[in-house]
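> dropping the sequence and predicted coords here.
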Amino acid sequence: MTQEFIAVDIETTGTDHIYSGIYEIGAVHIKDGKVVGEFSSYVKTNRPLPLHVLERRGLTSESYKKFPTYQYALSEFLKFTHGKVLVFHNKSFDERFLRYKIRRKLNYDLKNPTLCTLELFKEQIKDFPNYKLGTIATSLGIINNSPHEALNDARVCADIMLCLLGKEPVATIAHTQPTGQASPVSLTELILEES
């Protein structure tokens, strides 16, 4: 059976999906335990990016003005993810933002089935210190050299999902041997449970 999914991460200007914007989208396509594609795009929001975000990325306010529009970036994202299972780390946050922006900017509803590594990990490993992406990644021996960058966080999310499926992590820039793999589960079982 083919195990195929796309891990997704976004970076936002705030926590309110209505008033805050998505300024970066990253996605990693995994098929049968291998990376078969990646998607990464900055997005021009209606508000300027905070200075610390620009500095962390090595961007200027001039380069920000050249970012793709919501319509373009979201359309390309939808092409990349069409018909695939989407895996988020904090699904309630990322998916809410994406659904709202896609509906508002493209007049389209995101129809992909979705899973959440945070919830899946929480079901398998009780009493963990916290369920943040970085904490779970570290516990599995996955290293993220650039946290809070959408594509790199999507790679980490992909590797966490692979570990949950009993596979070796492959998507991160650098990783070590997992030290605390969760019990393998079937992707089909996960989708059916989430439905």
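It's in.
> what's around Val85, how many residues?
Counted by other CB atoms under 10 Å, the residues lying close to Val85 total 21. C-betas here are computed from N, CA, C, even on glycine.
> that one contacts Glu4, correct?
Yes - Val85 lies in contact with Glu4 (CB atoms under 8 Å); the separation is 7.1 Å.
> buried residues in stretch 64-83?
If you call a residue buried by 16 or more other CB atoms under 10 Å, then stretch 64-83 has these buried ones: 64, 67, 70, 73-75, 77-78, 80-81.
> now do the phi/psi pair for the residue of the chain most remote from its centre.
The centre of the chain is farthest from one residue, Glu62, which by CA atoms, centre = their mean lies 26.9 Å away. Glu62 has phi and psi values of phi -70, psi -40 when expressed as degrees, to the nearest 10.
> where do the strands sit along the protein?
Counting by DSSP state E, residue ranges of the strands within the chain are 4-12, 22-31, 34-42, 86-88, 114-116, 142-143, 174-175.
> looking at these, which is closest to Arg104?
For the strands of the chain, proximity to Arg104 was assessed by CB to CB; strand 22-31 is nearest, at 11.2 Å.
> quick one, the closest one and strand 34-42 angle?
170 degrees (axes from the mean of the first three to the mean of the last three CA atoms, to 10 degrees).
> the residue farthest from the centre of the chain and Phe39: what is the separation?
As for Glu62, its distance to Phe39 is 25 Å (criterion: CB to CB, to the nearest Å).
> so what's the residue count around Pro48?
Pro48: 12 neighbours (other CB under 10 Å).
> distance check, the closest residue to it other than its chain neighbours against Arg96.
Leaving aside its chain neighbours, Pro48 sits nearest to Ser61 (6.6 Å; criterion: CB to CB, 6 or more residues apart in numbering). Distance, Ser61 to Arg96, using CB to CB: 28 Å.
> may I ask which helix or strand of the protein has the lowest mean pLDDT?
Ranking every helix and strand in the chain by mean pLDDT, DSSP states H and E puts strand 174-175 at the bottom, with a mean of 40.
> gap between stretch 65-85 and the chain center?
Remark: stretch 65-85 is offset 14 Å from the chain centroid, using CA atoms, centre = their mean, to the nearest Å.
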